[in-house]
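Engineer: Model the following, please.
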Amino acid sequence: MTTQTTRPSAWLGMVIFSGVIVMLLGSFQLIEGIVAIGMDEHYFTTSSGLAVDFNYTVWGVFHSMLGLLTMAAGLGVLAGKMWARVIGIGVAAISALGNLLFLPAQPFWCTLIIALDVLVVYTLAVHGREAR
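Structural biologist: Residues are numbered from 1 along each chain as shown. Below you'll find the model as predicted:
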């Protein structure tokens, strides 16, 4: 009796990379949230300079909760779960939009996270099923 095995494509490495990046993005979000909650004076602008006028504590809670959800989705992506891919895509899209709104406060940091979010959305949407 022979068993057929299929070789994974080269995109499997990118899916695993995306799972790790999703967990890394979650930790970045969590750090950004903790800093926004605890150290308002760390940011370059006042809250009136943001696209949406919330104080930094509200932004910090948003980033912290998004970070925890993102880290959980990253673990699920590494486990090859479909629900985690869907959540990972959604959370990365929300993360990109949230960081776009937070851009006046931390331009370099937010630009870096937005770029990684775009990479994650592409990889999980197009090649995510290869992780099974």
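
Engineer: All the helices of the protein, residue numbers only.
Structural biologist: Ranges of helices within the chain are 11-38, 56-78, 82-101, 107-127, based on DSSP state H.

Engineer: buried residues in the helix or strand of the chain with the lowest mean pLDDT?
Structural biologist: Lowest mean confidence among the helices and strands of the chain (mean pLDDT, DSSP states H and E): helix 11-38, at a mean of 84. Going by neighbour count (16 or more other Cβ atoms under 10 Å), the buried part of helix 11-38 is 11, 14-16, 18-19, 21-26, 28-30, 32-33, 35-37. C-beta coordinates here come from the backbone N, C-alpha and C atoms, glycine included.

Engineer: The residue lying closest to Gly76 once chain neighbours are set aside: what's it in contact with?
Structural biologist: Closest residue to Gly76 apart from its sequence neighbours, by Cβ to Cβ, 6 or more residues apart in numbering: Ala84 at 2.4 Å. Neighbouring residues of Ala84 by Cβ atoms under 8 Å, 6 or more residues apart in numbering: Ala72, Ala73, Gly74, Leu75, Gly76, Val77.

Engineer: tally of neighbours for Ala115?
Structural biologist: If you count neighbours by other Cβ atoms under 10 Å, Ala115 ends up with 12.

Engineer: before we move on, what about Leu112?
Structural biologist: Neighbour number of Leu112 under other Cβ under 10 Å is 14.

Engineer: Please report the distance of Ser95 from Ala10.
Structural biologist: Ser95 sits 26 Å away from Ala10, going by Cβ to Cβ, to the nearest Å.

Engineer: for Gln106, same thing?
Structural biologist: Distance from Gln106 to Ala10, counting by Cβ to Cβ: 34 Å.

Engineer: the more surrounded of these two?
Structural biologist: Gln106 (19 against 9).

Engineer: so what pLDDT did that one get?
Structural biologist: Gln106 is assigned 81 on the pLDDT scale.

Engineer: What of Met65?
Structural biologist: At Met65, pLDDT is 90.
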